[in-house]
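A.B. asks: Could you look at this predicted model? Sequence included:
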Amino acid sequence: MIEKAFDVVIVGSGAGGGTVAEELAGLARDGKKVLVLEKGPRFADSEFDGRELSMAPSLYAEEGGFLTAEGTMTLAFGSAYGGSTVVYTGTSMQPPERVIRSWGVPGLDFSDLDSRAKKYAGENGVHLLPPDLLNENNKLFVGGCDKAGYRAEQFPINVRGCKGSSLCNLGCPNGAKQGTHQVQLPTAERAGVEVVTRAEAVRIEERALIVQVQEKKPGAKGLPSEWAPGKYRIRAGTIVLAGSAIGTPALLLRSDLPGLPKRVGEGFTCHPAHILAAEHPHPITNDVGHPKSFFLDRSVEEGFLLETCMYFPFTTAKNLAGFGAPHSHLMHAFPRLQMILVLACDKAISGNRVTVDRAGKPVVHYRFTPEVITSLIRATRASARIFFAAGALRVHAPSADPPLLERSEIPDIDQRIEERHFKEGKISVSAAHLMGGCGMGTGPIDSVTDSFGRVHGIPWLRVADASLFPDSLEINPYLTIMALAGRVAGKLLEEKAWQ
Amino acid sequence: MPSSPFSSVRGVFRAIAATVVPEAARLDENSWLELEEIIGKALEARPAGIRHQLTLLVRALDLLPIFRFGRTFQGLDPTRRTQFLLGIQDAPLLLLRRGFWGLRTLIFMGYYGREEGRAETGYRADPRGWEAPR
């Protein structure tokens, strides 16, 4: 085993890890040794080819189809230099005050989070796309919302020079999306922070990490690791965990550190989602232009969010319910399809959690509560009304049987789309907003860390990612993750925690 | 090149695939092999037991119609094949629903993951975005 020593080691390079790396850049400039470990590879700009079956296996854990233990939902999360910020759509929402306050985390100051998020929004070029760059898939949503009595809002997004490839979820082929791979990590590296890719943190020991650096497989995308393949023992003054709401709890659980709070892995939430599609009578611009420019927030009133979206043929096919001629008809109507992503605002409940199997691999346990199912049903009904109001001929609703609703069925929407048709294992549910597992709180009985990500009872160990959320955020989370990570890094610097 | 995960049950697999995506019935041998290779490649990264489970599922889907229709899946006409798979999709047993969901997902991956399958849908996303000729 190769031995190395650093002052601070950060596990993960996404919204959390990338932000901590940037905040510690000054430390690196002052001669301290700061290391970022990323399990996924680093990609050359030219490797983002926009092809579904070549990019998804390269960029996502388990090709974006990580199954829950129950086998009833797939989870999508990035595994690359920049983590999930490489594969999101760049939607940049400020932390929601109502939700942050409802968490009731002692010492977590909303205004502090808000101002930190604004700082990162500025760094990442967050703005509203001008109207001439909006496609019809998005405009139909806005018009449909207006006619159906809702008010859509525009997503601020973090792009610079967006060409409208619509391929955000396969990694921007034009380098326009300003994730940590474009902004925070390069800044950190220029200051002397070392980033090692294809490096998986296997286990945590007392102020040390056991790390496996993988060899690049022949023909695989991505650059080779910066370090020679092999096993490493890396000593560190402080370890910051930012390997996602799945990776961080799993690493802690397989490390079995003395004194680790019992709640590690508990409180997993993920905004379970359906993809809905509707067929219009004429072609619309849907596979060109930014795919996710608008949303409808019904989190308070009805427990759901609607977001515009546009996916790729295989992803679309697997998310549409059913098979055979009706499914095929819709697939072959792709140029006429409008899509909406419906997300349920789920709550942290006992039993929905991350564990590890005997090999130490993460296992996510997730059961749909009646409240989540009702939220998805309400969201699907609202979407159906919006689609029809926008002029759609027919709407595909997974929680209807049969799933295709014709215009003549508009009066029957509430009867056609019902909870009883939400049959687990039959309809596709996916999630990409993975949260919780190392929630912040008061002490080791109710939480894993304090409001600065310090793991209770283990002063050299901190958490700085979405696993800190004690409950779901009810909106797209990356700016809030960055704000929390910035706060963790700030406290680490203030305390000189590496000493 | 990854081997087809369905080589031992090729006939019934293709009958199921052509029920899930009716256009698959028109594929020539090379296109079928391409479809199966895409699935095989995806399964390479999964635990080895998955291939075995899928083969078992395909065999079961061939035999189960005997109890309802007196014939194997391959012996059914297209209407009854669809009818049977609709029943499996709605089966009371979660394990069966999940298994079929996984199989149909792989079939979609194989079919729409091919250049021709993708092109058939009319999907035209291009890295050049608005600048691409349309």
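C.D. replies: Nice, thanks for sending it over. Numbering: from 1, shown residues only, chains lettered A, B, ... in the order given.

A.B. asks: ok, A:Met440 - contacts?
C.D. replies: By CB atoms under 8 Å, 6 or more residues apart in numbering or on different chains, A:Met440 lies in contact with A:Trp103, A:Val105, A:Leu108, A:Ser447, A:Val448, A:Thr449, A:Asp450, A:Ser451, A:Gly453, A:Leu468, A:Phe469, A:Pro470. For every residue, glycine as well, the C-beta is placed using N, CA and C.

A.B. asks: so what's the most centrally placed residue in chain B up against?
C.D. replies: Here the mean C-alpha position of chain B is nearest to the C-alpha of B:Ile107 (CA atoms, centre = their mean), at a distance of 2.7 Å. Under the criterion of CB under 8 Å, 6+ apart, the contact list for B:Ile107 reads B:Ile16, B:Ala17, B:Val20, B:Val21, B:Ala24, B:Leu35, B:Ile39.

A.B. asks: was I right about the third one contacting B:Ile88?
C.D. replies: No. B:Val20 is beyond contact range of B:Ile88, at 11.2 Å (criterion: CB atoms under 8 Å).

A.B. asks: Could you pull out the buried residues of the strand or helix carrying B:Lys41?
C.D. replies: Assigned by DSSP states H and E, B:Lys41 falls within helix B:29-44. For helix B:29-44, a neighbour-count test (16 or more other CB atoms under 10 Å in any protein chain shown) marks B:Ser31, B:Trp32, B:Glu34, B:Leu35, B:Glu36, B:Glu37, B:Ile38, B:Ile39, B:Gly40, B:Lys41, B:Ala42, B:Leu43 as buried.

A.B. asks: centre of the chain versus that helix, how much separation?
C.D. replies: In terms of CA atoms, centre = their mean, to the nearest Å, the gap separating the centre of helix B:29-44 from the centre of its chain is 10 Å.

A.B. asks: re the thing from before, put together TSV for the buried residues of helix B:29-44, with pLDDT and distance to chain A on each row.
C.D. replies: Below are the buried residues of helix B:29-44 laid out as TSV (pLDDT from 0 to 100; distance: CB to the nearest CB, whole Å):
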residue	pLDDT	distance to chain A
B:Ser31	96	15
B:Trp32	96	17
B:Glu34	95	11
B:Leu35	96	12
B:Glu36	95	14
B:Glu37	94	11
B:Ile38	94	7
B:Ile39	94	11
B:Gly40	92	13
B:Lys41	90	8
B:Ala42	89	7
B:Leu43	89	11
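
A.B. asks: Among these, which one lies nearest to A:Arg378?
C.D. replies: For the buried residues of helix B:29-44, the closest approach to A:Arg378 (CB to CB) belongs to B:Ala42, at 34.5 Å.

A.B. asks: Roughly how far does that closest one sit from B:Ser4?
C.D. replies: From B:Ala42 across to B:Ser4, the span is 12 Å (CB to CB, to the nearest Å).

A.B. asks: what mean pLDDT does the longest helix along chain B have?
C.D. replies: Ranked by residue count and defined by DSSP state H, the top helix of chain B is helix B:94-112. What helix B:94-112 shows for mean pLDDT is 96.

A.B. asks: how much does that helix deviate in direction from helix B:29-44?
C.D. replies: Orientation check (axes from the mean of the first three to the mean of the last three CA atoms, to 10 degrees): helix B:94-112 against helix B:29-44 gives 130 degrees.

A.B. asks: Next secondary structure after helix B:94-112?
C.D. replies: Tracing the chain past helix B:94-112, the next element assigned as helix or strand by DSSP H and E is helix B:115-121.
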